[in-house]
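Visitor: The following comprises the amino acid sequence and a computationally predicted model.
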Amino acid sequence: MFSQLSEKLQQSFKNLRGQGRLSESNITDALREVRLALLDADVHFAVAKEFIAKVKERAMGEEVLKSVTPGQQIVKIFHDELTALLGGDNAPINFGKPTRILVVGLNGAGKTTSSAKLARLLKNPGLFSTMKGETARSPLLIALDLVRPAAIEQLATLGQQIEVPVFKPESSESDVLAVARQALAWCETQGGNVEIYDTAGRREIDDDLVGELVRLKELLRPEEILLVCDAATGQQAVSVAEKFHAALGLTGLILTKLDGDARGGAALSLRSVTGQPIKFAGVGEKVEQFEPFYPERLAGRILGMGDVVSLVEKAAEAVEVEEMTRLEAKMKNASFDLSDFLAQLRMIKRMGPLENLLGMIPGAASLHSSAVNGKELQRVEAIILSMTPGERKRPEILNARRRQRIARGSGNSVTEVNNLLLRFGQMKKLAKNTGKMKKMMSRFASGGIPGLAPNHSQTLPNRLPWQ
């Protein structure tokens, strides 16, 4: 989402690093570019103005101007201020006995899906390394959206998927307060300790919606009132957050669609405008694509510093330890075949879009999009699935006729089939020799991937190993 803003900020930092000495003049010029980049990313103008003023005040300090690495000092200042703008530290849920969470927002923002995702996360806090000390909860989901019957069925389906009990009102019900009282009585019989109430939304905020939510708040007395905001709506999300906060007194925000291609300025504005923390972020449509919001990590991604902690967490959730141990053993004894290679690719796919993963690797966010096209994984998968089990186990038997059949079956050209087999063969040869593998990793760290690019270039290739 922040790719355009990230590129512009990194270019500004590059220009500053190129200066032999920082002065008020070149700092002012660079910050002017940054301010324009923030506004272009749809950051609220008042937020952008205040942010630039804080950065300039710190950047003009004597310890920065006289530093031997002023360019790096500026990046550090930006990172600190951007982290503060996003909220500083992660804000956890305020738990009570029981904990009641009222989830509010407009239609289409993702309230129902976010409610189920939150329930899954609270039920399995160990999914994230930073939450492993958290106590596993027993969440309950309550459907209070009487305006949109499909939302009730959607919540019931998601609840079944994540194995969380769901309260479903009768289809004839129209009084949301009466349904809420029924839900409270139902919760007492379920033994849960976190109640998540999915409320109705509207296309826009109106008196009826606000009045209904205020009455629900008075009845339920929730510990948390979380507003679900669609990050793709830009400044409209900021306006919506202001109005909901004025009416209900929000305790936090859930930002959805952070995996999209919108400019992302809303994420940088919401905390400053409402004064309430972003507690969770939706990074995809699937129920597992939901995570606690860490301002410092997002600041690192925006500034091109990566987010290794989140990357490791995603890997830990997606990768099965026993399977990885088995594949590693097969690599060592040279019995690794195309079926095993396919299993590895599917593990990578479970971690999410490649573009998002690269944003978590320091310095890799600026790789050309053609090198990280997720469709390449689908193409390779189609080629391997078009082979027989015997062909996957012994690719050396793939003669011209077999390769033509595989190309037709997978919808690819024979050349693409040949390229895949070539790279797979090169990878197996490297895996046979530990010394060669160490040498490959050493060169990879310095920018080259020997044996994987067709021309054996010592610069990062335009195509990844599986492409």
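Guide: Alright, I've got the coordinates.

Visitor: And the longest helix anywhere in the chain, what does it pack against?
Guide: Scanning the chain for the helix with the most residues, using DSSP state H, yields helix 414-432. Packing contacts for helix 414-432, counted by 3 or more Cβ pairs under 8 Å, 6 or more residues apart in numbering; DSSP states H and E, involve helix 375-385, helix 400-410, helix 434-445. C-beta coordinates here come from the backbone N, C-alpha and C atoms, glycine included.

Visitor: what residues go with each domain of this structure?
Guide: 3-86, 99-304, 313-445 (automatic domain parsing).

Visitor: Can you say which of those is packed in most?
Guide: The highest average neighbour count among those, using mean count of other Cβ atoms under 10 Å, belongs to domain 99-304 at a mean of 19.

Visitor: any idea of the mean pLDDT in that domain?
Guide: Per-residue pLDDT over domain 99-304 has a mean of 84.

Visitor: now do stretch 81-94
Guide: The average of the pLDDT scores along stretch 81-94 is 78.

Visitor: Other residues contacting that stretch?
Guide: Stretch 81-94 has contacts (Cβ atoms under 8 Å, 6 or more residues apart in numbering) with 47, 51, 54-55, 58, 99, 101, 122, 130, 134, 223-224, 251-252, 267-268, 271-272, 277-279, 292-296, 298-299, 302-303.

Visitor: Out of those residues, name the ones that lie in helices.
Guide: Per DSSP H, those map to helices at 47, 51, 54-55, 58, 122, 267-268, 271-272, 295-296, 298-299, 302.

Visitor: and the two most separated of those residues?
Guide: Arg58 and Leu122 (38.0 Å; Cβ to Cβ).

Visitor: Am I right that Thr28 sits in a helix?
Guide: Yes. Under DSSP: H, G, I helix; E, B strand; the rest coil, Thr28 sits within a helix.

Visitor: Kindly state the pLDDT recorded for the residue nearest to it when sequence neighbours are not counted?
Guide: Leaving aside its sequence neighbours, Thr28 sits nearest to Lys56 (Cβ to Cβ, 6 or more residues apart in numbering; 7.4 Å). Here, the pLDDT recorded for Lys56 equals 82.

Visitor: who does Ala143 bridge with?
Guide: Taking DSSP bridges as the rule, Ala143 bridges to Asp198.

Visitor: hang on, isn't it packed against Phe167?
Guide: Yes. Counting by Cβ atoms under 8 Å, Phe167 is a contact partner of Ala143 at 6.3 Å.

Visitor: can you give me the strands for the stretch 1-150 of the chain?
Guide: With DSSP state E, counting those that start in this stretch, the ranges of strands along the stretch 1-150 of the chain come out as 99-104, 139-144.

Visitor: Would you mind pulling up the elements that the last one packs against?
Guide: Right, strand 139-144. Contacts defined by 3+ Cβ pairs under 8 Å, 6+ apart place strand 139-144 against helix 111-123, helix 149-162, strand 166-167, helix 176-188, strand 194-199.
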